[in-house]
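# okay, predicted coordinates and the sequence, questions at the end:
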Amino acid sequence: MSNFRIESCGEIDGLYCIWPQVFGDQRGCFFEVYQYEKFKEAGLDMIFVQDNQSISTRGVLRGLHYQKKHPQGKLVRVQKGRVFDVAVDLRNDSRTYGKWYGTILDDVQKNMLYIPEGFAHGFLVLSETAEFSYKCTDYYHPEDEAGFMWNDEKIGIKWPIEEGMELIISDKDKNYNSF
Ligand SMILES: Cc1cn([C@H]2C[C@H](O)[C@@H](COP(=O)(O)OP(=O)(O)O[C@H]3O[C@@H](C)C(=O)[C@@H](O)[C@H]3O)O2)c(=O)[nH]c1=O
């Protein structure tokens, strides 16, 4: 029987850091990524309707994204590589409105972050390549997509940009407004 360690993180309601139990043997390892009942016991009672995967090279920064009318909760993880992952609380009624939380996700810890609906999300790739995958509680609605600048001064995210790292950012993400 495998288990998950699920902890509230960043003192932000609804945001969870998750570590799966990893079973290693002479073949390699095995771990569960998601299990409805176990997540529910920890207060994470949601249904995922879409699974996404992106592959990026070092210095790629994706974000900060959210959907307005169709907010998506996201269970995010790194299958291969290492990223700095960020969630920004955009819930008007939240005591942590405008606060950000960032953490390293990698294929060594195999850790995950559950970002509830009402957050903007983004990440910076720190390894040579990163395969990033996430489950979403709502579908992609391109017409409903929104975002703001990754380096918005009001939010003040401390991205761990390493010396000599060249940022690779999509035109869409370069042209977002400030928060
Ligand atoms: C997100 C998404 C994109 N696409 C398409 C649209 C576009 O042609 C191509 C690339 O899309 P984007 O540039 O928006 O991909 P990307 O910048 O990776 O967008 C993602 O960023 C991270 C930070 C998130 O949190 C995600 O929710 C999502 O917004 O993939 C889909 O078909 N379905 C999807 O769910």
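Happy to help now that I have it.
# max-length helix in the protein?
For the chain, the helix reaching the highest residue count under DSSP state H is reported as helix 36-41.
# all helices for this protein, in order.
Under DSSP H, the chain gives helices at 36-41, 171-174.
# can you put these in CSV and add mean neighbour count, distance to D106 and mean pLDDT?
C-beta: built from backbone N, CA, C; applies to glycine. Formatted as CSV, those follow (neighbours: other CB atoms under 10 Å; distance: least, CB to CB, whole Å; pLDDT from 0 to 100):
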stretch, mean neighbour count, distance to D106, mean pLDDT
helix 36-41, 13, 21, 96
helix 171-174, 11, 23, 98
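# to E143, which of those lies closest?
Closest to E143 of the helices of the chain, according to CB to CB: helix 171-174, at 13.7 Å.
# now tell me what touches that closest one from outside.
Outside helix 171-174, the residues that touch it by CB atoms under 8 Å, 6 or more residues apart in numbering are L61, R62, G63, G147, M149, W150.
# farthest-apart pair in these, please.
Spatially, the most separated pair among the contacts of helix 171-174 is R62 and M149, at 12.8 Å (CB to CB).
# the more surrounded of the two?
Set R62 next to M149 and count neighbours by other CB atoms under 10 Å: R62 wins out with 21 against 18.
# show me the contacts for that one.
The contact partners of R62, by CB under 8 Å, 6+ apart, come to S54, S56, G122, F123, I169, S170, D173.
# repeat for F4
Residues near F4 by CB under 8 Å, 6+ apart: I18, W19, P20, Q21, E32, Q35, K38, F39, A42.
# skip the chain neighbours and tell me the closest residue to the residue of the chain at minimum distance from the ligand.
Proximity of the chain to the ligand (CB to the nearest ligand atom) peaks at Y140, 3.0 Å away. Using CB to CB, 6 or more residues apart in numbering and skipping the chain neighbours, the partner closest in space to Y140 is Q50 (6.5 Å).
# tell me the bridge partners for the one you found.
C136 (DSSP bridges).
# so it makes contact with H141?
No - with contact defined as CB atoms under 8 Å, Q50 does not reach H141; the gap is 10.8 Å.
# would you mind naming what in the protein lies close to the ligand?
With the criterion set to CB under 6 Å from any ligand atom, the chain comes near the ligand through N52, S54, R62, G63, H65, H121, G122, F123, Y140, S170, K172.
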